[in-house]
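**Student:** Got a predicted model here, sequence first, then my questions.
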Amino acid sequence: MKKSAFLGTAVAATLVAGASFAGTLEDVKAKGHVQCGVSTGLVGFAAADANGNWDGFDVSVCRALAAAVLGDPQAVKFTPTTGKTRFTALASGEVDVLARNTTWTFSRDVDLKFTFIGVNYYDGQGFMVPKALGVSSAKDLDGATVCIQTGTTTELNLADFFRTNNISYEPVPIETNAEAQAQYLAGACDVYTTDASGLAATRATFESPAEHTVLPEIISKEPLGPLVRHGDDQWADIVRWTLNALIAAEELGVTSANVKDSAMSAGKNPEVNRLLGTEGNLGEMLGLSADWAKNAIAAGGNYGEIFERNIGEKTAIGISRGLNAQWTNGGLLYTPPFR
Amino acid sequence: MSTLSDPPKEGFKISQLIYDTRYRSMTIQVIALILFLLAVGWLATNAARNLAELGKPLGFGFLAERAGYDINQKLIEYNSDSSHIRAAFAGVLNTLLVAFLGCLTATVVGVLIGVLRLSKNWLISKMMTIYIEGFRNVPVLLWILVVFGIMIEVTPPPKAFKGENPEAAMTLFDSVAITNQGVFIPRLSFTEFGWGYIIALLIAIFGIRWITKKAKAKQIETGIYPHTFLYKLAAFMVPLLACYFISNVFTKNQDRDFLVRSSGQITTLADMASADERFDYCLVGGNAGSLKGLSVLEEAGVTVRRKKFVTEKGALSDFSKEKCNVISVRESEADEIMAQSRLDKLGTDGTISRTVADFTTGNNIQVDTPELTKKGIPRFEGGTHIRNSLIALWFALSLYTAAFIAETVRSGIQAISKGQTEAAAALGLRSGRIMSLVVLPQALRVIIPPMISQYLNLTKNSSLAIAVGYMDITGTLGGITLNQTGREMECLIILMAIYLVISLTISGIMNWYNERVKLKER
Amino acid sequence: MTNSSNASYVRTEMLGEKPAPVGQTGIIRWFRENLFSSIPNAIMSLVALWMIYLVLSHVLPWIFQSSWNANSLKECRAAIKEAYGEGTHGACWAVIRERFLQLIYGFYPSELYWRPNLAFIGMLVALAPILFNKLPRKMLGFTALYPFLAFWLLWGGSVWLPFMIITGFVLGYVAFTMLPHYIGTLGATIAAFLVPVLFWLLLAGPFASGMQSIADVGLEPVESAKFGGFMLSILIGITGIVMSLPIGILLALGRQSDLLIVKAICVGFIEFIRGVPLITLLFVASTLLNYFMPPGTTFDIILRVIIMVTLFASAYMAEVIRGGLAALPKGQYEGADSLGLDFWQSTRLIIMPQALKISIPSIVSTFIGLFKDTVLVSIIGLLDPIGLSTNIRADAAWNGIIWELYGFIALVFFIFCFSMSRYSMYLERKLQTSH
């Protein structure tokens, strides 16, 4: 009642996106779209083009989620968030899910009261230096001027790394990736540090990427994943299993091309059948339609396709799968079984 | 109104609270107070409920926790092991630094531009108009970004200074390096007697004021203002020179020793030079003895890396934490530390040994000039490092605010009636003296009040530091601390309180000054 | 002495007027007087000329040896190299060409651009009668309606929502004018506040949905996440200044009043807001404001920003209006009192109209300040022009471009702010002569 009372007084009631902490799923269904928090712009992960269409690796997760829940990959709206505003946006209910390369850490999970629903990208903080600097190990970086993007775990990892190795450095904190890049290219900082994926993405946009190298040291574990609010387990399950469905689809060979094939849906592999909803009632258990996973996969393909299209080796960013390969290929992607 | 009659004595009625002017204002105030308290209470309960729901009740305990991040420009001892509150304090000092520098420069530039704008020289006055309109009509954030961009894109990187035929060279007799990592200028280092200079300076100022007073008295008496320049020069130089020579007597022969933490046996500098080990020298910034130690080591052929500290205490504490392994201290102190380390068994694994190098502090003012590192990543070492973020913020804020101050100055000057200028000219004063003796002193009274608000604006605008990564209070407490702890409510409350205190202090001081220079109306 | 004209040394006819020496006429004289009147002056002129040359010789080639047709920075640099030779650093204005609409409208749907355009034109029309008092007073009616119209145009949605809000205000006004006969002025004032609030709380919702089902009139809704660019700056600036006006008036009156508690509250509020930087208030908008609302309420970041910007502007507005009130001659207050008007009547009919008129130049400069300050919203992640420039630079095609975007943004801000400041100066002059 109080809420609606406030709505009445607010001059712009249409601006007021009501959100209750109880049932995000009902809420999403009622408003007809998923509100997804993304970063303000990181090449390959989330960026808006001239027409305001968002695209990228994190964005694809949101689209798959929208397809799973509402059956329409376009039924998603994006809220750009900065390092400072992202958690508040999620905690206050402004966004339903935050897919903004956010590191899963203990304090965020427990103290800030969020639920990380999985890992969509295994990352780690690395260093990029110009080859001309003649540095081959991060331990040689004594006295270096280091550009850091603020608002992340980056500055803490960096401080710890340099303090443990007892080498001095000059931190240059910077708000945005674009600014950091400008400084690094001009030589105002000798080193640029952020997550290795971000380094690769940044390096890809340089005029001559070959002149820069990413040092072998990875100084932290950065499991990046989407997160939702504590306390809404149904919604957390939906997001978690949508992500799992994308990963499982790659493992099982389901792609955006063959997912609509009837042969695939009523195939011989019972796990595929369960995943695509032709057998069992997994969708119903989640409170979604039976073909939820099918829609999610059809939206942008399975995990591998999303990866290859946005950040994979064929794109300008050119990240190899590495840790993000399926467990069958020596990576860490290992989804629990669909049964 | 002519006849005064007592109001009829009646019993008090409730309606009087509204209709009787004697009570009405009271009623309104009480209602306003109640409404205000209700509103505040409503907001506070909501906040408390929401925070409780999120599981982070209001509490300031987190401020004592380890901050974990580094701050590049720090005016107090700080490292990533320090607490959040110390980080906030370092941030406050940075805010005050840039506000102080900015206000100073803005005043100088602003007054100059304001006066030049009224110049008879067409070109100059038009240029100043363009300057003023250009800066006033574009957001200050954009100016900060532009100056920052210029500093980064236009100035050479340190590696350009390297090699046989470097593309860039240091300016001002090889003492100042302008790079895109910042500007490096020489730094004066003093001994422990550095405070003596402050006293000497105070004596000098009082001396000069006393001479001025005497001269004024003489002018009133005889009508001639005596030549005071030489006296003033003497009053200025004598205390400072006296301080220099006296304290040199103490420091010249003050013996210093190196303490070295090393796995090998180190007793002489030659041992150090030949040791196969990396030496980190704890350099206390601005301390002549510590600086001398560094040059002694370098002369002896020992390669050391500098680790800079603000105070000797901080250096010693990091020395004991094995963060650096060479330090130079006074002989008496070295005795103490050796005795202490034997007690604490600090020197059990790697030993702390004392290198008898037989050097004394020497001159009590020494200059630390920046120089390019010979090995490793090309960069400048030594001197004072003025970072680009500080320069961008400082220059942009100064130039932006100067445009407003210039307008204030111009209108202040124009507010002085033309008769004053003409009368002064009739007395035979030259235009420069008319400005400084007649117009500006009067204009000052008009100028100061708007100037106060410009200073306030500049201080508040310094919070835009966050756009260029200058670690002011918004960057530390309102930036990284807020991000890392997730305590938005507490951080913002403290942040706002700090700005409020700074603003009120500035306006307090300036209003006091304004009262002083105001025309006394009696 | 009588015929002195015969004396040979007395001039009988005057010489014809000679033209002034070459150095004292025309352009040479102008140069001498204005540029080279003395040696220091001459030196200053030469230094100034040299500086102008220095700046222009760097900036002009950059501006003009540029490329307008390219789809990425690489293409653009190649095109410049081809056209003007190796080593030319020309501007890539192509980025402005490609992203022009985005810098103006943000991500607002392109087929709906007419709506912000119409709102902008409407704004000019609505402002005209305030700014130029020669125009017919009837236009003020449109001015009063305009905020609701603009809101509806920009955000779209059902027409009934703004309609209901207007209805609330109308009801309040009716209560204020009709009721005094029955329940006295004070009662009517209270009713004027209570009636609309009750109406919005209880009746507006059902009524609007009822009307919606009968007549579904509305525009396609546009979510505010799509707002950006200069449209966002203007929106925040204008809304902030318009909404801060009534609050500012109340605060100024409160600060002037003899009621101690009211005065203390007003002074406290004004000094608090003026003592903290806008950016901290924007942090409050982006991270804290939701905490102060009942649990479960969230509202849009743009609305939150507008709320905080309004509070910010109202403190400054209060000071501006206080200045206007102080500038009124005392006779005006005394005259109003002698006519037997009560406080609100005299304020409404005599004091405020004059005080506001005097304050308009200051209000305009407050607005200029606020409009410039709207770029700070980029720090909390909104896509104003500067925020968009970050976004554009995150695009692989335009990665590394800086000066073109900054230059364009600065130019647009300059045009807006400069013309407004000229207007305010014109107004100041006009007001001065009228006294």
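**Tutor:** Received the coordinates, thanks. Numbers count the residues shown, from 1 in each chain, chains lettered A, B, ... in the order given.

**Student:** And the helices in chain A, which stretches?
**Tutor:** A:2-9, A:24-31, A:57-70, A:86-91, A:106-110, A:154-164, A:177-186, A:196-204, A:233-252, A:262-265, A:270-276, A:282-286, A:292-300, A:303-310 (DSSP state H).

**Student:** closest to residue C:149 out of the ones you listed?
**Tutor:** helix A:2-9 (20.6 Å; Cβ to Cβ). C-beta here means a position set from N, CA and C on the backbone, and glycine is covered the same way.

**Student:** pLDDT averaged over that closest one - what is it?
**Tutor:** Average pLDDT, helix A:2-9: 36.

**Student:** Stretch B:112-130 too?
**Tutor:** In this model, stretch B:112-130 carries a mean pLDDT of 89.

**Student:** Count the neighbours of residue C:94 for me.
**Tutor:** 24 (other Cβ atoms under 10 Å in any protein chain shown).

**Student:** How much space separates the residue nearest to it when sequence neighbours are not counted from residue C:83?
**Tutor:** Nearest residue to residue C:94, sequence neighbours excluded (Cβ to Cβ, 6 or more residues apart in numbering or on different chains): residue C:70, at 4.2 Å. In this view, residue C:70 and residue C:83 are 11 Å apart by Cβ to Cβ, to the nearest Å.

**Student:** which of these two has more neighbours?
**Tutor:** Neighbour count, other Cβ under 10 Å: between residue C:70 and residue C:83, residue C:70 has more, with 21 against 12.

**Student:** residues touching the more buried one, list them.
**Tutor:** C:76, C:78-79, C:92, C:94 (Cβ atoms under 8 Å, 6 or more residues apart in numbering or on different chains).

**Student:** ok, so of those, who is nearest chain A?
**Tutor:** Distances from chain A to these, taken as Cβ to the nearest Cβ, are shortest for residue C:78 (11.0 Å).

**Student:** residues making contact with the one helix or strand the closest one maps to?
**Tutor:** Element membership for residue C:78 (DSSP states H and E) is helix C:73-84. With Cβ under 8 Å, 6+ apart as the test, helix C:73-84 has contacts from A:207, C:65-67, C:69-70, C:88, C:90, C:92, C:94-95, C:397-401.

**Student:** I only care about those that end up buried; give me the PyMOL line for that.
**Tutor:** Provided next is the PyMOL selection string for whichever of these are buried by 16 or more other Cβ atoms under 10 Å in any protein chain shown:
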select buried, chain C and resi 66+67+70+90+92+94+95+397+398+399+400+401
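
**Student:** Mind picking the one among the contacts of helix C:73-84 that's closest to residue B:509?
**Tutor:** Nearest to residue B:509 among these, with distances taken as Cβ to Cβ, is residue C:401, at 44.5 Å.

**Student:** Return the residues in contact with residue C:145.
**Tutor:** Applying Cβ under 8 Å, 6+ apart, the residues contacting residue C:145 are residue C:166.

**Student:** Which element, helix or strand, includes it?
**Tutor:** Per DSSP H and E: helix C:139-155 holds residue C:145.

**Student:** buried set for that helix?
**Tutor:** Counting neighbours by 16+ other Cβ under 10 Å, one finds that the buried residues in helix C:139-155 are C:143, C:146-155.

**Student:** Averaged pLDDT, that helix. What do you get?
**Tutor:** 86.

**Student:** thinking again about what came up before, restrict the buried residues of helix C:139-155 to contacts with chain A.
**Tutor:** C:151, C:155 (Cβ under 8 Å from any Cβ of the partner chain).

**Student:** Save the buried residues of helix C:139-155 as TSV, and put in distance to chain B too.
**Tutor:** Listed next are the buried residues of helix C:139-155 as TSV, based on distance: Cβ to the nearest Cβ, whole Å:
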residue	distance to chain B
C:143	26
C:146	26
C:147	24
C:148	26
C:149	29
C:150	24
C:151	25
C:152	30
C:153	27
C:154	23
C:155	26
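
**Student:** mind exporting stretch C:103-121 as CSV, just the C-alpha atoms?
**Tutor:** The C-alpha trace of stretch C:103-121 is given here as CSV (Å, rounded to 0.1, in the frame of the first residue of the first chain):
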residue,chain,number,x,y,z
LEU,C,103,25.2,12.9,-29.2
ILE,C,104,22.0,14.9,-29.4
TYR,C,105,19.4,12.3,-28.5
GLY,C,106,21.3,9.5,-26.9
PHE,C,107,19.6,6.2,-27.6
TYR,C,108,16.1,7.7,-28.1
PRO,C,109,14.4,5.7,-30.8
SER,C,110,15.1,7.4,-34.1
GLU,C,111,11.6,7.2,-35.5
LEU,C,112,10.4,9.1,-32.4
TYR,C,113,12.8,12.0,-32.7
TRP,C,114,10.0,14.3,-33.5
ARG,C,115,8.8,14.1,-29.9
PRO,C,116,11.9,15.6,-28.2
ASN,C,117,12.0,18.1,-31.1
LEU,C,118,8.5,19.1,-30.5
ALA,C,119,9.2,19.3,-26.8
PHE,C,120,12.1,21.5,-27.4
ILE,C,121,10.2,23.9,-29.7
